[in-house]
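sequence first, predicted model second:
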Amino acid sequence: MAESPITSRAQDFATWYQDVVLQGDMAEPAEIVKGCMVIKANGYAVWELLQRELDDRFKATGHQNYYFPMLIPQSFLHKEAEHVEGFSPELAVVTMAGGKQLEEPYVLRPTSETIIGHFFAKWIKSWRDLPMLLNQWANIIRWELRTRMFLRTTEFLWQEGHTAHSNHDEAVQEVLRMLDVYADVAENVMAMPVIKGLKTQSEKFAGALQSYSIEAMMQNGFALQAGTSHDLGQNFGKAFDVQFQNKEGQLEYVWQTSWGVSTRLIGGLIMSHSDDKGLVLPPKLAPVKAVMVPIYRKDEEKEKVLEAAHRIAKDVGAKVDDREGQSPGAKFFHWERRGVPVVLELGPRDLAAGNAVVKRRDTGTKEPMPQADLASKLPVLLGDMQKAMYDAAKQRLKANTVLANSIEEVESVLKDVTAEKGGGKFVMAHLKDDARCDARMKEFKATIRCIPLVDEYDGPGKCIVTGERVDRRVVIAKAY
RNA sequence: CGGGACGUGGCUCAGCCUGGUAGAGCACUCGCUUGGGGUGCGAGGGGUCGGCAGUUCAAAUCUGCCCGUCCCGACCA
């Protein structure tokens, strides 16, 4: 028995994650480009499925896709004070082009609020032009000091929605509507339960009035901010002079929103479901849903088995692994590591019985099924798996969420938690949205992840740092 | 960007301390064999030892600088 190429989660969660990404053929470090990765076929196919799910929902809510330049005049970033302050440390700047020094350097887009603000100003004149609802699929460059594949890389792929509205209420509705879209995709497509909430003022997007996020729990109990949606107020409208004439003929600044999810979601997907054997993909995001592995001994068997395998596989939409010179065992491990939800085994014994052996990736259970039933039962099985994976993740989230009523309790739960050893929790405690509270959490390397939109606990209470009354408990955790 | 570890055929690593003809296992190619969870045997191909300088008769090995990866910290989706 060969040794597993995958480090166990218990031994070292961070190395496990790395192993799963590599062995699952999702991505690998770009090595010649610092902090960047190559997203490989299996990883990119997952991204394409996610893109489709998201894009369909964006279109359904009235958004249209645009594409803006990746090069942004440096001065644009400076027009919004908080924005430039927030992003300056991670900007990559182009100072030379065509062999000459540029008059004004370009930054490689870290996000597009500024360049889109410029065009909004050009396009928006009247209340009739509003709301303007657009989205962009793009690559982003942020000079991160520490990178991890999918979770944080120098270059990554994302979508950024940008909208402009005639009043604040409508903008806020948009912010919450898109947060709901993200939560829907996370839970119903990725099978990854999330908590929707408001970011604290110190955690919000640079330049926003308010930021909302969905927060997911990884298997080591760390939080992952899986999507964000920002109420930009009139900050960018004022910075870029985006004004429209209202019905009364007066000039007003627009109210803007922006919202995004990135390839980071794939990291979240991996850390939500995968196990010590490798990648586990929810059926809805599996590029290959079922693989049939033919098993045979003699040439005569081989012919019969392969014929039946191709016929049945075609019928049920499975891929046949008919590679020569690979033993069935080797094939099982191969597809297992790549996260394929269902493996069908077909050998002489099954042919004789009219069955195929069905193995599901999430639970590892294996059972024979009549060939005639496969076409109808496989979709049902995939649906069951999708649900079971969500339920398991939800259960884990519940089991690892605890209440705390003092700063000492919070600290005792989180102080020894590390990304490698795991044991992380979501700690629910009453805390005020106040820099003092954020600072206190930082002392043991935790953060206020969000103030949940829905209070599932005991309502108002006294802030455990400031003693002031607050509405509800917030989510405290160590995070990626 | 600070601290630590590391970089040797595609992969995992030995060799380095004590300088002297570059190794193993896996993978790959060919042949036979095998096939219900990584078959076995035999033959074969493949490496400017991360890069650049330096010390030396001689550098994978010693020294310096640089690049990259991983972990920890500060910054972040």
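Looks like it arrived, so ask away.

got the contact list for residue A:112?
Contacts for residue A:112 (CB atoms under 8 Å, 6 or more residues apart in numbering) come out as A:68, A:72, A:136, A:138, A:160, A:162. In short, each C-beta sits where N, CA and C put it, glycine included.

rerun at 10 Å
Residues near residue A:112 by CB atoms under 10 Å, 6 or more residues apart in numbering: A:66-70, A:72, A:76, A:118-119, A:136, A:138, A:140, A:160, A:162, A:258, A:260.

against RNA strand B, how distant is it?
13 Å (CB to the nearest atom of the strand, to the nearest Å).

show me what secondary structure element comes after the biggest helix by length in chain A.
Taking DSSP state H as the criterion, chain A has its longest helix at helix A:371-399. Using DSSP states H and E, the next helix or strand after helix A:371-399 towards the C-terminus is strand A:401-403.

which residues sit against whichever helix or strand comes after that following strand?
Going down the chain from strand A:401-403, the next helix or strand is helix A:407-414, by DSSP H and E. If you take CB under 10 Å, 6+ apart as the criterion, helix A:407-414 is touched by A:221, A:402-404, A:406, A:423-429, A:431, A:437, A:440-441, A:443-446, A:463-465, A:476-478.

mind doing that once more with 6 Å?
For helix A:407-414, the surrounding residues in contact (CB atoms under 6 Å, 6 or more residues apart in numbering) are A:404, A:425, A:427, A:429, A:444, A:446, A:464, A:476.

circling back: from the chain's centre, how far out does the longest helix of chain A sit?
Taking the mean of its C-alpha atoms, helix A:371-399 sits 21 Å from the chain's own mean (CA atoms, centre = their mean, to the nearest Å).

stretch A:7-15 too?
Using CA atoms, centre = their mean, the offset of stretch A:7-15 from its chain centre is 21 Å.

which parts of it are buried?
For stretch A:7-15, the neighbour count (16 or more other CB atoms under 10 Å) marks A:7, A:9, A:12, A:13, A:14 as buried.

do it and RNA strand B meet?
Yes - residues of stretch A:7-15 contacting RNA strand B under CB under 7 Å from any atom of the strand: A:14, A:15.

and the contacts of that stretch?
A:16, A:19, A:220, A:276, A:419, A:420, A:422.

confidence score at residue A:2?
In this model, residue A:2 is scored at 46, pLDDT.

cool, and the one 5 residues further on?
According to the model's per-residue confidence, residue A:7 sits at a pLDDT of 85.

now render the contacts of stretch A:7-15 as JSON lines, adding pLDDT.
As requested, those are exported to JSON lines (pLDDT from 0 to 100):
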{"residue": "A:16", "pLDDT": "89"}
{"residue": "A:19", "pLDDT": "89"}
{"residue": "A:220", "pLDDT": "92"}
{"residue": "A:276", "pLDDT": "91"}
{"residue": "A:419", "pLDDT": "84"}
{"residue": "A:420", "pLDDT": "82"}
{"residue": "A:422", "pLDDT": "85"}
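
tabulate those (a markdown table), appending secondary structure.
A markdown table is the format used below for these (DSSP: H, G, I helix; E, B strand; the rest coil):
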| residue | secondary structure |
| --- | --- |
| A:16 | helix |
| A:19 | helix |
| A:220 | coil |
| A:276 | coil |
| A:419 | coil |
| A:420 | coil |
| A:422 | strand |
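
which ones, among those, also lie beside RNA strand B?
A:419, A:420.

what's the farthest-apart pair in the contacts of stretch A:7-15?
Maximum pairwise distance among the contacts of stretch A:7-15 (CB to CB): 17.0 Å, between A:276 and A:419.

which one's more surrounded, the two?
The neighbour comparison of residue A:276 against residue A:419 (other CB atoms under 10 Å) goes to residue A:419, with 18 against 14.

is the residue nearest to the more buried one when sequence neighbours are not counted in a helix, a strand, or coil?
Spatially, and ignoring its direct neighbours in sequence, residue A:419 is nearest to residue A:14 (5.2 Å; CB to CB, 6 or more residues apart in numbering). Classification of residue A:14 using three-state DSSP returns helix.

quick one, helices of the stretch 251-400 of chain A?
For the stretch 251-400 of chain A, applying DSSP state H, counting those that start in this stretch gives helices covering A:264-273, A:299-316, A:328-337, A:348-353, A:371-399.

the longest one: which residues count as buried?
This means helix A:371-399. A:371, A:374, A:378, A:381-382, A:385-386, A:389-390, A:392-393, A:396-397.

now flag whichever of those residues is closest to RNA strand B.
residue A:371 (11.8 Å; CB to the nearest atom of the strand).

how near is that closest one to residue A:377?
Going from residue A:371 to residue A:377 by CB to CB, to the nearest Å gives 11 Å.

quick one on the thing from earlier: residue A:309: which of the buried residues of helix A:371-399 is nearest?
Once CB to CB is applied, the member of those that ends up nearest residue A:309 is residue A:371, at 10.5 Å.

how about the closest one, what does it touch?
For residue A:371, the residues meeting the contact criterion (CB under 6 Å, 6+ apart) are A:312, A:354, A:356.

find me the pLDDT at it, would you?
Taking residue A:371 on its own, its pLDDT is 97.

circling back: of the contacts of residue A:371, select the buried ones using a PyMOL command.
Here is the PyMOL command that selects the buried residues among these (16+ other CB under 10 Å):
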select buried, chain A and resi 312+356
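
what's the closest of the contacts of residue A:371 to RNA strand B?
Using CB to the nearest atom of the strand, residue A:356 is the member of the contacts of residue A:371 that sits closest to RNA strand B, with 7.1 Å.

what angle do the longest helix of chain A and helix A:299-316 make?
Put simply, helix A:371-399 runs at 60 degrees to helix A:299-316, going by axes from the mean of the first three to the mean of the last three CA atoms, to 10 degrees.

and helix A:371-399 with RNA strand B, contact?
No - judged by CB under 7 Å from any atom of the strand, helix A:371-399 stays clear of RNA strand B, getting no closer than 11.8 Å.

near RNA strand B, which residues of the stretch 251-400 of chain A are found?
By CB under 7 Å from any atom of the strand, the residues of the stretch 251-400 of chain A that approach RNA strand B are A:260, A:262-264, A:277, A:295-297, A:302, A:324-330, A:332-334, A:336-337, A:343, A:345-351, A:357, A:359, A:364, A:366.

per-residue confidence for the residue lying closest to residue A:347 once chain neighbours are set aside?
When the adjacent residues along the chain are set aside, residue A:347 lies closest to residue A:295, with 3.3 Å between them (CB to CB, 6+ apart). Looking at residue A:295, its pLDDT reads 95.

let me have the buried residues of helix A:371-399 in a markdown table, extended by distance to residue A:80.
Rendered in a markdown table, the data for the buried residues of helix A:371-399 read as follows (distance: CB to CB, whole Å):
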| residue | distance to residue A:80 |
| --- | --- |
| A:371 | 63 |
| A:374 | 57 |
| A:378 | 52 |
| A:381 | 51 |
| A:382 | 46 |
| A:385 | 46 |
| A:386 | 42 |
| A:389 | 41 |
| A:390 | 39 |
| A:392 | 43 |
| A:393 | 38 |
| A:396 | 40 |
| A:397 | 36 |
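
out of those, who's nearest residue A:171?
Residue A:171 has its nearest neighbour among those in residue A:397, at 30.5 Å by CB to CB.

any idea how far that closest one is from residue A:135?
Residue A:397 is 29 Å from residue A:135, by CB to CB.
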